[in-house]
Structure formats: structure tokens, C-alpha cells
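*Asks:* Next come a sequence and a model predicted from it.
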Amino acid sequence: MENLKRKQDGQDTGTYLSAQQVANMCNVSSRTVLSWRYTRGLKAISISKRCVRYDIRDVQAMLEACK
């Protein structure tokens, strides 16, 4: 599974991950990632009804805040 990279005006604006990729990165289930959206305020980008992505910088910031 590839990361979704977005470029704007030639500059990288971030890497976007699926819930499963975030779950693998954090060693938790994808349902836990979903709950983080509501309990910890993890920002998500809804591309469509079934396609949600998370900016890796937002994930890292949330994890740092939980230390």
C-alpha cells in the first residue's frame, strides 16, 4: 500500500496514511485509530464516504501530546 503524497506549487504538503497504515505504525487496531478521531481529536481528511486519510504530521503530533 502506497502513501498518498500531495504536492502544491512544487512543494510537498505532507504524507497521508490510511487508518490501517496508522494502525500498523502505532501497533494498534484500525478501530483504535477510528476512536482516536473522536476521543483524541485526530484530524482526518475524508476523500469519500469510505476513504479517509490521516496526515502523518497530525498523527505524530497526537502521539507526542500523549507522552
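*Replies:* Cool, got the structure.
*Asks:* for the most centrally placed residue in the chain, what are its contacts?
*Replies:* A centroid search over the chain (Cα atoms, centre = their mean) returns Tyr54, at 2.1 Å, as the residue closest to the centre. Tyr54 is in contact with 16-19, 22, 33, 42-45, counting by Cβ atoms under 8 Å, 6 or more residues apart in numbering. C-beta coordinates here come from the backbone N, C-alpha and C atoms, glycine included.
*Asks:* Repeat the analysis, applying 7 Å as the threshold.
*Replies:* For Tyr54, the contact set (Cβ atoms under 7 Å, 6 or more residues apart in numbering) comprises 16-17, 22, 42, 44.
*Asks:* Ok, Ile47 next?
*Replies:* Contacts for Ile47 (Cβ under 7 Å, 6+ apart) come out as Arg53.
*Asks:* go on, the one 5 residues further on?
*Replies:* With contacts taken as Cβ under 7 Å, 6+ apart, Val52 has the following neighbours: 19, 44-46.
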